[in-house]
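> just to be clear, the model below is a prediction. Sequence and coordinates:
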Amino acid sequence: MKLRDPILYRILKAEHYRTGDRWKVYPMYDFAHPLSDYIEGVTHSLCSSEFIDNRAVYDWLVENLAGKCGLPEWPRPKQIEFGRRSLEYTVVSKRKLIQLVERGLVEGWDDPRLPTLAGLRRRGVRPQALIAFARKVGISRTDRTVDIALLEWAIRDDLNPIAPRVMAVTEPLKLVLTNYPEGELEELEAPYFPPDVGKPGSRRVPFGRELWVERADFALKPPKGWKRLVVGGHTRLRHAYVVRIDEAVTNDAGEVVELRGVYLPESLGKNPEGIKVKGAVHWVAAGPALAAEFRLYDRLFKVPFPDAGEGSFLDHYNPDSLKVLQGYVEPSVATDDPETRYQFERLGYFWRDPELGRGEKPVFNRIITLKDTWKKPKEQKPAAKPAKKAEPRREDKVAALAPEAREVYERCRHLGVGEAEALQIARDERLRTYLEDCSAYGPPSLAAPWVVHVLGKAIRSGEAGVEPQALMALLAELEKGAFDRSVAKRALEEALARGGDPLELARARAADRLSAEALDALVREVLAAHPEETASYRAGKRGLMGFFVGKVMRASAGRADPKQVQSMLSRHLENPIE
RNA sequence: UGGGGCAUCGUCUAAUGGCAGGACGGCGGACUCUGGAUCCGUUGGUCGUGGUUCGAAUCCACGUGCCCCAGCCA
């Protein structure tokens, strides 16, 4: 990419469908992007990682055109790339989304199942939720696929404190209370928010002889732990009375078509004595309830990574990702602001679809379900990590060397260079040459670790700014004990980065070292400031040594020998009695 | 194939070479007129192998895996 000859713009003597023949020059991305950033005074140009290659062209153009051709002279913009972020159970690339739209698998770009902004907005997700989600996901240079649970958490967390609770029944089953007078209705007061949200407000909910309850809330043969309606059992109707189910009326096919039972008149606001009430279910009164449509959205794909593996992502499309149900909602919503996001108790968060749902008959989109911690179906996520291949042994690596390289290796070993260093030197021509140059001024075994580990990268790239002679002079003084190893290393790194003579830099650092007394005082100070850590070190948590050394090093502003610090520390830590 | 980039709990993300921490999820418990919320606890990780270093997620080397580019697209 970098070597190619970039096309900056093309000249087309043709009629443009919108601008006619006004322009002949059409800039390419690589030309337009840096220049428009620069002209507009952009300081940081953020983009995703597929443009990393383009940065070379970007920088070159900005650097070479700044201040020329009538362009201003001001700070250059910097392109910074981040990794792409994807989401489980969906696709996010435009190329794939368009296929869903064009094939009619979704109802348009704003289909609430899509991860588009238009889709999320129509679904009812608020910008606050997306911002919170983005913050949680964060930015890094790695391409990542985010757990869908994180988005769901952000949406719920946003809606929980603001969504008034009301009741709706999406799959109605009639419940007749045989001891409630026919034709009568009463109104019960029900708060919009539970105590933990702590917001004021309430509405009146009609209650009568015939109610709708959720079909899924009744079981003929309840599983273990069932806390809902069951024949013979007592269950709370949310915000209302406790009822007992006496009979489940079935049709010829054996399906339950109606429940019959009684309500306990004394159970409003308190639990009846001597009766075990299991759970609470939502309901609406059959007469006054408003007919409504509920659109329940599920994951667009059946698998977490529809892109992965053989075949098309379309093979994993979830045909049940939209379920349209006809049911009832309590009448109070009729007069609410149509923008209201509700929590339909025990069902999830809903709002009226802005396209279809604001008319006579309300249509509700389910924004997100409530978190369900009961009876997990528990889909297993594949966690198996692929087995790693075994690394070849060092002898085999040496054996694989070319004859000349092997000779270099053997010679290095003979001179006392370590195995790993010898191998690296044998493999790289430049390292070998550098070390040979060093050997004119001192023993190669002394130089090898420094050449390989500290200077290695620079030498390989041909930019070693430190001469062999300078390196060897430094190491000779180090051997004599003129300063400690950490001083030498810092000095060498500094010389590498900013130039200068490493020996002089090392001497300057050595002269700046703290005296033993000053250091001892510092050590005592650090230990005194961290009594807990000191105690747990003495109790056996040896890993804390690094913590203490770090603290002392920081306090000394680098003017200490870590080895000396460590020995002082262990002396004080082993002998607590001063 | 060549060039470029990236690898940390199940997931996402932190950690001037100095206690691998947080969030989501999971699990357990408390509470509850929502199997919600809240609170408490817990689980679990530095891609592999060597090397340098008092000390490595971080530096060096070699591997492995994934992504991007190789349009007169963006």
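Done, it's in.
> helix or strand right after the one helix or strand A:A497 maps to?
For A:A497, the element it lies in under DSSP states H and E is helix A:485-498. Using DSSP H and E, the next helix or strand after helix A:485-498 towards the C-terminus is helix A:502-511.
> what about the helix holding A:A497 and RNA strand B, any contact?
Yes - using CB under 7 Å from any atom of the strand, helix A:485-498 comes into contact with RNA strand B via A:R485, A:S486, A:K489. In short, each C-beta sits where N, CA and C put it, glycine included.
> tilt between that helix and helix A:502-511?
The directions of helix A:485-498 and helix A:502-511 differ by 130 degrees, with axes from the mean of the first three to the mean of the last three CA atoms, to 10 degrees as the criterion.
> list the buried ones in helix A:485-498?
Judged by neighbour count using 16 or more other CB atoms under 10 Å, the buried positions of helix A:485-498 are A:S486, A:V487, A:A488, A:K489, A:R490, A:A491, A:L492, A:E494, A:A495, A:L496.
> elements contacting it?
In this structure, helix A:485-498 packs against helix A:468-480, helix A:502-511, helix A:562-574, with contacts taken as 3 or more CB pairs under 8 Å, 6 or more residues apart in numbering; DSSP states H and E.
> let me have the ones you listed in a markdown table, adding mean pLDDT, distance to RNA strand B and mean neighbour count as columns.
Shown next, in a markdown table, are the helices and strands packed on helix A:485-498 (pLDDT from 0 to 100; distance: least, CB to the nearest atom of the strand, whole Å; neighbours: other CB atoms under 10 Å):
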| stretch | mean pLDDT | distance to RNA strand B | mean neighbour count |
| --- | --- | --- | --- |
| helix A:468-480 | 95 | 11 | 19 |
| helix A:502-511 | 94 | 14 | 18 |
| helix A:562-574 | 90 | 3 | 16 |
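> wait, which of these is closest to A:W283?
Among the helices and strands packed on helix A:485-498, helix A:562-574 comes nearest to A:W283, with 67.4 Å by CB to CB.
> one step back: the helix holding A:A497: how far from the chain's middle?
38 Å (CA atoms, centre = their mean, to the nearest Å).
> next one: stretch A:199-208
Per CA atoms, centre = their mean, the centroid offset for stretch A:199-208 relative to its chain is 40 Å.
> what's the angle between the helix holding A:A497 and helix A:562-574?
Using the same axes, to 10 degrees: helix A:485-498 against helix A:562-574 is 140 degrees.
> now what about helix A:485-498, what contacts it?
A:450, A:454-455, A:458, A:464-466, A:470-471, A:474-475, A:478, A:500-503, A:505-506, A:509-510, A:513, A:558, A:561-563 (CB atoms under 8 Å, 6 or more residues apart in numbering).
> same question for stretch A:25-37.
Against stretch A:25-37 from outside (CB under 8 Å, 6+ apart): A:6-12, A:45, A:54, A:57-59, A:61-62, A:65, A:71, A:77, A:79.
> in ChimeraX, select just the buried ones from these.
One line in ChimeraX is enough to select the buried ones among the contacts of stretch A:25-37; burial here means 16+ other CB under 10 Å:
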select /A:45,54,57,58,61,62,77,79
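> filter the contacts of stretch A:25-37 by proximity to RNA strand B?
When these are checked against RNA strand B using CB under 7 Å from any atom of the strand, the ones in range are A:I7, A:R10, A:N54.
> narrow those to those in strands?
Judged by DSSP state E, these include A:R10 as members of strands.
> just send the ones next to RNA strand B among the contacts of stretch A:25-37 back as CSV, with pLDDT and distance to A:K323 too.
Conversion of those to CSV gives the following (pLDDT from 0 to 100; distance: CB to CB, whole Å):
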residue, pLDDT, distance to A:K323
A:I7, 91, 51
A:R10, 93, 51
A:N54, 94, 45
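> could the ones next to RNA strand B among the contacts of stretch A:25-37 go into CSV alongside distance to A:E419?
Listed next are these as CSV, based on distance: CB to CB, whole Å:
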residue, distance to A:E419
A:I7, 51
A:R10, 57
A:N54, 43
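> what stretches of chain A score poorly on pLDDT?
Within chain A, the ranges that satisfy pLDDT under 70 run A:1-3, A:375-392, A:576-578.
> residue closest to the middle of it?
A:V137 (3.0 Å; CA atoms, centre = their mean).
> quick one: contacts for it?
A:R85, A:R144, A:V146, A:L150.
> out of those, list just those in helices.
Among the contacts of A:V137, the ones falling in helices (DSSP state H) are A:L150.
> let's see if you can find the most crowded of the contacts of A:V137.
A:R85 (17 neighbours; other CB atoms under 10 Å).
> taking chain A, what residue is nearest to RNA strand B?
Nearest residue of chain A to RNA strand B: A:G550, at 1.8 Å (CB to the nearest atom of the strand).
> can you report how many residues neighbour that residue?
13.
> from the contact counts, what lies against the host helix or strand of it?
Per DSSP H and E, A:G550 falls inside helix A:544-555. Counting contacts by 3+ CB pairs under 8 Å, 6+ apart, helix A:544-555 packs against helix A:516-529, helix A:531-538, helix A:562-574.
> at 6 Å instead, please
helix A:516-529, helix A:562-574 (3 or more CB pairs under 6 Å, 6 or more residues apart in numbering; DSSP states H and E).
> make CSV out of those and add distance to A:W351.
Listed next are those as CSV, based on distance: least, CB to CB, whole Å:
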stretch, distance to A:W351
helix A:516-529, 54
helix A:562-574, 61
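> select, out of the ones you listed, the one closest to A:E310.
A:E310 lies closest to helix A:562-574 among the helices and strands packed on helix A:544-555, at 54.3 Å (CB to CB).
> for the closest one, C-alpha coordinates in CSV please.
Output in CSV follows, covering the C-alpha atoms of helix A:562-574 (Å, rounded to 0.1, in the frame of the first residue of the first chain):
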residue,chain,number,x,y,z
PRO,A,562,16.2,-0.4,42.9
LYS,A,563,18.4,-3.2,44.0
GLN,A,564,19.5,-1.2,47.0
VAL,A,565,15.9,-0.2,47.7
GLN,A,566,14.9,-3.8,47.7
SER,A,567,17.5,-4.9,50.1
MET,A,568,16.7,-2.0,52.4
LEU,A,569,13.0,-2.8,52.2
SER,A,570,13.5,-6.5,53.0
ARG,A,571,15.7,-5.6,56.0
HIS,A,572,13.0,-3.4,57.4
LEU,A,573,10.3,-5.8,56.6
GLU,A,574,12.0,-8.8,58.2
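> which residues touch it?
A:S486, A:V523, A:L527, A:Y537, A:F548, A:V549, A:V552 (CB atoms under 6 Å, 6 or more residues apart in numbering).
> could you give the angle of that helix to helix A:516-529?
Interaxial angle, helix A:562-574 versus helix A:516-529 (the same axes, to 10 degrees): 50 degrees.
> quick one, helix A:562-574 and helix A:544-555 angle?
Per the same axes, to 10 degrees, the angle that helix A:562-574 makes with helix A:544-555 is 120 degrees.
> what's the angle between helix A:562-574 and helix A:531-538?
Counting by the same axes, to 10 degrees, helix A:562-574 lies at 90 degrees to helix A:531-538.
> so how far is helix A:562-574 from its chain's centroid?
41 Å.
> burial count for A:C438?
Going by other CB under 10 Å, the residues that sit close to A:C438 add up to 23.
> and it, how far is that from A:L505?
Distance, A:C438 to A:L505, using CB to CB, to the nearest Å: 19 Å.
> ditto for A:L151
52 Å.
> SS state for the closest residue in space to A:A476 that isn't next to it in sequence?
Once flanking residues are discounted, A:A476 sits nearest to A:G442: 5.9 Å by CB to CB, 6 or more residues apart in numbering. A:G442 carries the three-state label coil when classified by DSSP: H, G, I helix; E, B strand; the rest coil.
> tally of neighbours for A:G442?
Neighbours of A:G442 under the rule other CB under 10 Å: 17.
> A:L105 too?
A:L105 has 16 nearby residues by other CB under 10 Å.
> and A:Q79, what does it touch?
A:S45, A:R55, A:Y58.
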